[in-house]
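Colleague: Here is my input, please return the structure:
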Amino acid sequence: MQRLLLTLGLASVLHAMELLPAQPEELVGKWHILLWMGSPIIPGLMMTSPPPPQMTHSLPPFWMELSKEGMMIKVKLRQPSGHCEEMKTTLWKTDDPTKFMAEKQQAVHIWATRMKMYYIMHTQEKMKDKTMHMTMLIGPTMEKKPEAVKMFQEFVESEGMDKARVMAPSPTAPPDPCMAHHR
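Modeller: Below is the predicted model of the structure:
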């Protein structure tokens, strides 16, 4: 019963914010993480409390492709050895148009904002006694549209997260050589 009430509550918040299901064909292409909110924090990122509004490094862009199962997400990451390695994960379609399932039955929701080409990706799971979140505002470039940022902040608050902990990757960080070899 409590889960039903939470689901209905989230649905009404999303409706009020005018978030719509993302259409998989709209998600094909290269995406940049513009804002990030999560627990645990990004691995390897040392945070202060409160976190700095701007990360000192960039997050790599990622690519989405349609697959028979749903969506394939690809990202090239630099390993500690210095080598570039492509990581892939599949998001399988579900009956819910905003919901995909990733490995280990983790639900990933993707909503379209009112701003064309700006999306909110959100996942949460219960681990022991803690709820872990990862929420991102993604866009086709590193440009942040104020209305999309506002919608992201409203979404973060609606999920009970502290919008003061939202972080923005640095758009001026040096380019990662791993990205030069993608595609």
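Colleague: Contacts only, for the residue nearest the centre of the chain.
Modeller: Residue closest to the mean C-alpha point of the chain, counted by CA atoms, centre = their mean, is residue 136 at 3.0 Å. Taking CB atoms under 8 Å, 6 or more residues apart in numbering, we find residue 136 in contact with 33-37, 120-122. Quick note: C-beta positions are derived from backbone N, CA and C, even for glycine.
Colleague: Report the buried residues of whichever helix or strand it is part of.
Modeller: Following DSSP states H and E, one finds residue 136 within strand 130-139. Neighbour-count burial for strand 130-139 flags 133-139 (criterion: 16 or more other CB atoms under 10 Å).
Colleague: any chance of those residues in JSON lines, with distance to residue 178 and pLDDT too?
Modeller: Output for the buried residues of strand 130-139, formatted as JSON lines (distance: CB to CB, whole Å; pLDDT from 0 to 100):
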{"residue": "133", "distance to residue 178": "27", "pLDDT": "81"}
{"residue": "134", "distance to residue 178": "21", "pLDDT": "88"}
{"residue": "135", "distance to residue 178": "25", "pLDDT": "93"}
{"residue": "136", "distance to residue 178": "19", "pLDDT": "93"}
{"residue": "137", "distance to residue 178": "23", "pLDDT": "96"}
{"residue": "138", "distance to residue 178": "19", "pLDDT": "96"}
{"residue": "139", "distance to residue 178": "21", "pLDDT": "96"}
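Colleague: Redo the residues you listed as CSV? Include distance to residue 82.
Modeller: Converted to CSV, the buried residues of strand 130-139 look like this (distance: CB to CB, whole Å):
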residue, distance to residue 82
133, 31
134, 27
135, 31
136, 26
137, 30
138, 27
139, 29
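Colleague: Which one of those residues is nearest to residue 116?
Modeller: residue 139 (9.9 Å; CB to CB).
Colleague: Before I go, just wanted to say thanks for your time.
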